[in-house]
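Asks: Coordinates only, no sequence provided:
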């Protein structure tokens, strides 16, 4: 019998920007529902400090009233897609919500 229970995986929206000097930045424009942006940035900084995530040289919050923008500057030898996957794994850039999809007829 089906229970109607399931889960939804929410991910932050992020893309990679290439700069003039062949450096790359990861830019986060949206984060999942109920995730605190400042706590997320603090967790990223902690992971870099503890060397669990490598390739990040700087994290900047460029958000304003027009929208959210968190810029993660990569080191010269950093691989942005690998770093992005590490961030999805270790931070709240990816969260899971349990849902009950039940309908009465």
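Replies: Done, it's in. Note that the coordinates shown come from a computational prediction; the quantities given were computed from them, not determined experimentally.
Asks: ranges for the strands of the protein?
Replies: 5-11, 13-18, 24-30, 56-61, 70-74, 94-100 (DSSP state E).
Asks: Could I get the average pLDDT for stretch 32-45?
Replies: Rounded to a whole number, the mean pLDDT of stretch 32-45 is 94.
Asks: Please point out which parts of that stretch sit buried.
Replies: 32, 35, 40, 41, 43, 44 (16 or more other C-beta atoms under 10 Å). Bear in mind the C-beta positions are built from the backbone N, C-alpha and C, glycine included.
Asks: Which ones among those lie within helices?
Replies: Among the buried residues of stretch 32-45, the members found in helices (DSSP state H) are 40, 41, 43, 44.
Asks: quick revisit: and which of the buried residues of stretch 32-45 is nearest residue 101?
Replies: Distance to residue 101, by C-beta to C-beta, is smallest for residue 32 among the buried residues of stretch 32-45, at 19.2 Å.
Asks: wait, doesn't the closest one sit right on residue 96?
Replies: No. Applying C-beta atoms under 8 Å, one finds residue 32 not in contact with residue 96, separated by 9.5 Å.
Asks: Need the residues touching each of these two.
Replies: Here residue 32 and residue 96 share the contacting residues residue 10, scored by C-beta atoms under 8 Å, 6 or more residues apart in numbering.
Asks: shaky segments in the chain?
Replies: Applying pLDDT under 70 to the chain flags residues 1.
Asks: for it, which residue is closest to the average position?
Replies: residue 93 (3.4 Å; C-alpha atoms, centre = their mean).
Asks: Identify the residues contacting the nearest residue to that one once chain neighbours are set aside.
Replies: Of all residues not flanking residue 93 in the chain, residue 12 sits nearest, at 4.1 Å (C-beta to C-beta, 6 or more residues apart in numbering). Each residue near residue 12 by C-beta under 8 Å, 6+ apart is listed here: 28, 30, 31, 32, 35, 88, 93, 94.
Asks: Is it possible to get JSON lines of those that adds distance to residue 100?
Replies: Shown next, in JSON lines, are the contacts of residue 12 (distance: C-beta to C-beta, whole Å):
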{"residue": "28", "distance to residue 100": "30"}
{"residue": "30", "distance to residue 100": "25"}
{"residue": "31", "distance to residue 100": "24"}
{"residue": "32", "distance to residue 100": "19"}
{"residue": "35", "distance to residue 100": "22"}
{"residue": "88", "distance to residue 100": "25"}
{"residue": "93", "distance to residue 100": "25"}
{"residue": "94", "distance to residue 100": "21"}
